[in-house]
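1. Turn this into a model:
(chains A and B)
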Amino acid sequence: MASSARVIQLHPDDNVVTALEDLAPGTAFVSGGRTLATKEPVPFGYKVAVAFIPAGGQVLKYGLPIGVATEPIEAGAVVHTHNLKSLAELAYLGTEQGGRQS
Amino acid sequence: MKGYRRPDGRIGIRNRVMVAYTVECAKFVAERIVSQTPGTELVGFTGCYHDPYAYRILVELGRHPNVASVLLVSLGCESTNVGQLAKDIEAAGKDVRVFVIQEAGGTEPTIAAGSAVAAQMVERARQMAQVPVEWTDLVIGVECGGSDATSGLAANPASGWAVDWLVDHGASVIFSELPELLGTDPYLIRRGRTATIQKEIASGLERARRLGEQLGQFAISVGNESGGLTTIEEKSLGALAKAGSRPIEGVLKTAERPPGPGLYLLDKVGAVDGNQLSHYEINDNDGLMSLIASGAHLILFTTGRGSVVGSAVSPVIKICGNPRTVARMAGDIDVDASTIVQGRESIDIVGRRIVDAIQWAAEGQLTKSEALGHAEYAIPYKPGRACDVV
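-> Coordinates of the predicted model:
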């Protein structure tokens, strides 16, 4: 435990945790009593999968879906805008990109 | 906890004497009365033309249980019906006095007469007996401002833990800011206790969505993304986290109060028509005023980047999850939630400290912003606003 990195799981049902510090690839972290390792760099505030998420599978944070995976996501991989899409933005705007602003 | 029983049966945790100006032209005189009379505080509406939103806010601030008595300062020719305002506040059994500058003889005589009466009001307030306050007597408002990447991880979930605790102990809690909850629709709606409440939540979200569409502001920003957030759902669930997880017992409109214990949603979106500017919340204190006008005795204010504001009428407890902000602005932060981000404390431990902070404030201890003298207020024009339309 002492060597595991700081992450936070906001709900027991979540399949992602949030990094509380910048994590290098191969960093060990504990989730649900299991020790996992990051597969790539995870910046502070970014999410990392704690279970395999198939393409089209829901990504759960706060115990609720924040979107669906656009490709298969391995445990330990970063979950961000490159592999996760909103369902609400689609529903609201009829476009996947329409909801972004600078 | 101890407080003051008001004639309408509500109990306040503060005993403030409110001096309110009813038009910009009366503001200077009202300010002087407040600066010459320790124990008073200032609010007011600058507009000359009647505005139903501002009027209802002033009525509810005057009736608020944290307020012992009210001194209204009017120029005399503003469109706002100050006589009626006094009557509406008096209807709650409050001691209200009106000073009309044009009748009292101008600046100096009004300041002199007003200050004398205000000093008497402060003295009478000091002599009021205190009564015990139970959790069931309290209405707590929840607001966020100056959010950052830590808000959805630390300050908001800890606030949510405290909100659940408060609801479970019979308090009423009000949250608001519907436009920030877009994307959570299915989860927010199903938290409504009844089908009618669920319909009202859906209606508010739909109006917030149409408003966002018209304003081109329905979005998640690049700054959010580089902080680690991905979708509008994720951003909004982080904001919703501050309201905990209990069922929503009702949807309130402007100046309406929770009819009972439990969690309530204040819908300030209003009808979405051509008059979009009326829907803007112009700043955080505007949001705080509306929660207080709905009866909030105390506000939980979560922040990441840091905020210094307090409020007139009700104390504000600031909760911050960003370690750097906590270190830099320690004098303004009541509850340090950055221990969650640092991995030193869990969400429930910080949530428990928030409950403790509420209890201390309700025992009379000043919050950081109160001790510093913060007593901001914002009562803008909001023509065609929620209170009249929806």
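2. so where's chain A shaky on pLDDT?
-> Within chain A, the stretches with pLDDT under 70 are A:1-3, A:90-102.
3. Now do the helices in it.
-> With helices called from DSSP state H, chain A shows them at A:88-93.
4. interface residues of it facing chain B?
-> A:6, A:8, A:10, A:18-20, A:43-47, A:61-62, A:64-67, A:79-81, A:84-89, A:92-93, A:99-102 (CB under 8 Å from any CB of the partner chain). C-beta coordinates here come from the backbone N, C-alpha and C atoms, glycine included.
5. In ChimeraX, select just the buried ones from those.
-> To isolate the buried ones among the residues of chain A next to chain B in ChimeraX, judged by 16 or more other CB atoms under 10 Å in any protein chain shown, type:
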select /A:6,8,10,18,19,20,44,45,46,47,61,62,64,65,66,67,79,80,84,85,86,87,88,89,92,93,99,100
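6. So which of the residues of chain A next to chain B sit within strands?
-> A:8, A:18-19, A:47, A:61, A:64-67, A:79, A:84-85, A:100-101 (DSSP state E).
7. quick check, nearest of those to B:Gly287?
-> A:Gln101 (22.1 Å; CB to CB).
8. Could you report the separation of the residue in chain A that chain B sits nearest to from A:Leu64?
-> Nearest residue of chain A to chain B: A:Gly45, at 3.1 Å (CB to the nearest CB). From A:Gly45 over to A:Leu64 the distance is 19 Å, taken as CB to CB, to the nearest Å.
9. same question, B:Ala20
-> 43 Å.
10. Lowest mean pLDDT among the helices and strands of chain B, which one is it?
-> Taking mean pLDDT, DSSP states H and E as the measure, chain B has helix B:386-389 as its least confident helix or strand, at a mean of 44.
11. who in the stretch 151-300 of chain B is up against chain A?
-> So far as CB under 8 Å from any CB goes, the stretch 151-300 of chain B lies against chain A at B:153, B:157, B:182-185, B:187, B:209, B:213, B:216-222, B:225, B:227-234, B:237-238, B:240-241.
12. number of nearby residues for the residue nearest to A:Tyr62 when sequence neighbours are not counted?
-> Excluding the flanking residues, the one nearest A:Tyr62 by CB to CB, 6 or more residues apart in numbering or on different chains is B:Leu237, at 4.6 Å. Residues lying near B:Leu237 (other CB atoms under 10 Å in any protein chain shown) number 26.
13. Please apply the same query to B:Pro323.
-> The burial count for B:Pro323: 17, using other CB under 10 Å.
14. Repeat that for B:Leu291.
-> Around B:Leu291 there are 27 residues (other CB under 10 Å).
15. coming back round to it: of the residues of the stretch 151-300 of chain B next to chain A, just the buried ones, ChimeraX syntax please.
-> A single ChimeraX command is used to select the members of these judged buried by 16+ other CB under 10 Å:
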select /B:153,157,182,183,184,185,187,209,218,219,220,227,228,229,230,231,232,233,234,237,238,240,241
